[in-house]
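Colleague: Sequence and predicted model, in that order:
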Amino acid sequence: MSPATPTSVAPTLNSAAKNVAVIGGGITGLAAAHRLITLHPDIHVTLYEASARFGGIIETASHDGWLLELGPDAFITNKPGGVQLCEEIGFTDQLIPTDNTYRRSLVLRNGRPAPVPDGFMLMAPSNLQAIQDTPILSAAGRRRLLQESEIPPKLNDADESLADFVRRRFGEEALDRLIQPLVGGIYTADPEKLSLQATLPRFPKMERSHGSVIAATLKTQSQKAASRETSGSGARYGLFTTAKDGLGTLISAIVEVLKDSGRVTLRPSTPIASVSPAAQSTWQVALPTGDAELFDGVLMALPTYRVADLLNSQSLQTLANDLRQIPYASSAIVLTGHRLADFSHSLEAFGLVIPHKEGRRILATSFTSRKFPKRAPDGHVLLRTFVGGAMQPEQLNYSDEEISAFVNEELQSILGMKSPPVFSRVVRYNNAMPQYHLGHVELIDHIEQLTAAQPGLELAGNAYRGVGIPDSISSGRQAAERLMATATS
Ligand SMILES: Cc1cc2nc3c(=O)[nH]c(=O)nc-3n(C[C@H](O)[C@H](O)[C@H](O)COP(=O)(O)OP(=O)(O)OC[C@H]3O[C@@H](n4cnc5c(N)ncnc54)[C@H](O)[C@@H]3O)c2cc1C
């Protein structure tokens, strides 16, 4: 949408100072704003957020002893962005690791939950005996998976889909029964389309460097364990961490730091309608009312289809068209609270993933209060069940009541739920999960080239080079660094 004749306001700070707009107040935009003010003493940031609340997908609610993560519930620590930001804002005393009492995952096999083989991380089998013993695969499927170390490596570096890679190296059954549900849970994606280079480049690298994934896993696991024990944030916080009172408190903490700096103007409930290049290397940011402001730089921390809509000037159409090529999937999380005694299953695990082949209406269920303390009152359990994604978009055509009803049916059938939950809440995420399809790496390279040709414009978020919270934070921080390099030169 093009704004009506805008009223432009020139940058108001003195000539040495720089005036920067950040658009989007999710974790990416917040991390970017924080990095900007940390990097340069004379920066002023205006942070525009469409909704009344900061945090975007990250939101925590609580009631009657329940702590509900409505979006993400944890983040990985072996990627630096999350822990780094927490350290910089003094939030690390709020971080907690997973409670290891029930540290294992389940996968559905012929309607019954069974443990994921011990030591199996996404598609890296570190315990070969556990593969030999697993009931998840048939005898032929187990043999085929273990033959991986004898399959010759691919001779070229060409990208391939996750499904093709897994079929080639571990066999069809390992794909269908184990790896599709485990990896699908992270990317809510179709493995036939998912680019391995863009999502899990370490696996083709393992194939190239050691001849097989199993050989690489076995060789490096002891070194990794040793280095985790002696150094690094991974050891200190565990592989996954979260905020003890919910990730919403991380958002509040960043917002407080930004406010206290006196150099960030927070503008919630302010959707931006367009961003366009203006005279003297400035950028014009316009509201739907037609009012506009000029900035020395603009950092857009939004889903790519929204960025494309905002970049409506003629000179930016190639970039906008590229951005529109990144597909997004929708999903819903159904949070349900239960009395523990209402299940015949012990729920002694972190959660359950469901192979597409099982023909169920849910993708996975996380046993949230088994992973982290203080999520449910004593004697109760909090579950988060995932619905939809790229593999089952049709399930989101139902009403919230209908979704709750079929989730209950699945919980009854799979986990032996005997009574309805004490509460149920459906949270929808429309077009919130970018899909890294084959060709993603080349597309992002091109988007970055086009953006680099627009000094003062930067893009960041989970659509580019990593989908999780730490990736989003790093993306925001790096975009802030690039912006400073151009804006202050
Ligand atoms: C259901 C779900 C579960 C997830 N679970 C995990 C997990 O457990 N761990 C993990 O690491 N990651 C998880 N992720 C991924 C993670 O949540 C995201 O990568 C991250 O939160 C993205 O943050 P963002 O700031 O880039 O985007 P968003 O959170 O989408 O923020 C973008 C912001 O821009 C605002 N906006 C939009 N248009 C405009 C406009 N025109 N003007 C101004 N503002 C605008 C929006 O209101 C929003 O606040 C999950 C994602 C989903 C969808």
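Modeller: Yes, it's here. Numbering: from 1, shown residues only.

Colleague: Val275 belongs to a strand, doesn't it?
Modeller: Yes: applying DSSP: H, G, I helix; E, B strand; the rest coil, one finds Val275 inside a strand.

Colleague: show me what contacts it?
Modeller: Val275 is in contact with 23, 283-286, 298, 300, 310-311, 457, counting by CB atoms under 8 Å, 6 or more residues apart in numbering. Quick note: C-beta positions are derived from backbone N, CA and C, even for glycine.

Colleague: Across the sheet, point out what pairs with it.
Modeller: Assessed by DSSP bridges, Val275 has beta-bridge partners Val285.

Colleague: Flag the shaky bits of the stretch 301-450 of the chain, pLDDT-wise.
Modeller: Within the stretch 301-450 of the chain, not a single segment meets pLDDT under 70.

Colleague: Residues of it that sit close to the ligand?
Modeller: For the stretch 301-450 of the chain, the contact set with the ligand under CB under 6 Å from any ligand atom comprises 301-303, 306, 331, 333, 429, 432-433.

Colleague: about what we covered before: wait, which of the contacts of Val275 is closest to Leu352?
Modeller: Met300 (37.5 Å; CB to CB).

Colleague: Report pLDDT for that closest one.
Modeller: Here the pLDDT value assigned to Met300 is 98.

Colleague: Also Arg236?
Modeller: On pLDDT, Arg236 comes in at 61.

Colleague: Glu256 - how many residues pack around it?
Modeller: When neighbours are counted by other CB atoms under 10 Å, Glu256 registers 11.

Colleague: now the one 4 residues further on
Modeller: Residues contacting Asp260 under the criterion other CB under 10 Å number 9.

Colleague: List the contacts of Ile251.
Modeller: 27, 30, 54-55, 58.

Colleague: Mind putting those into TSV with distance to the ligand?
Modeller: Putting the contacts of Ile251 into TSV (distance: CB to the nearest ligand atom, whole Å) gives the following:
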residue	distance to the ligand
Ile27	5
Leu30	7
Phe54	7
Gly55	7
Ile58	5
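
Colleague: Kindly reformat those residues as TSV containing neighbour count and pLDDT.
Modeller: Formatted as TSV, the contacts of Ile251 follow (neighbours: other CB atoms under 10 Å; pLDDT from 0 to 100):
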residue	neighbour count	pLDDT
Ile27	32	98
Leu30	33	98
Phe54	23	98
Gly55	22	98
Ile58	24	98
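
Colleague: Just the ones in helices from those residues, please.
Modeller: Here DSSP state H is the test, and the contacts of Ile251 give 27, 30 as lying in helices.

Colleague: Ignoring the adjacent residues along the chain, who's closest to Val387?
Modeller: Here the nearest residue to Val387 in space, its sequence neighbours aside, is Ala332; by CB to CB, 6 or more residues apart in numbering that works out to 4.6 Å.

Colleague: Quick check: that neighbour touching Asn430?
Modeller: No: counting by CB atoms under 8 Å, Asn430 is not a contact partner of Ala332; they are 9.1 Å apart.

Colleague: out of these two, which sits in the more crowded spot?
Modeller: With neighbours defined as other CB under 10 Å, Ala332 and Asn430 compare such that Ala332 has more, 22 against 11.

Colleague: The strand or helix carrying that one: partners in the sheet, and parallel or antiparallel?
Modeller: Secondary structure assignment for Ala332, by DSSP states H and E: strand 328-339. As defined by DSSP bridges, the strand partners of strand 328-339 come to strand 380-388 (antiparallel), strand 423-434 (antiparallel).

Colleague: Return the list of helices and strands in contact with the helix or strand following it.
Modeller: Toward the C-terminal end, the helix or strand that comes next after strand 328-339 (DSSP H and E) is strand 351-353. Judged by 3 or more CB pairs under 8 Å, 6 or more residues apart in numbering; DSSP states H and E, strand 351-353 is in contact with strand 105-109, helix 180-187, strand 364-366.
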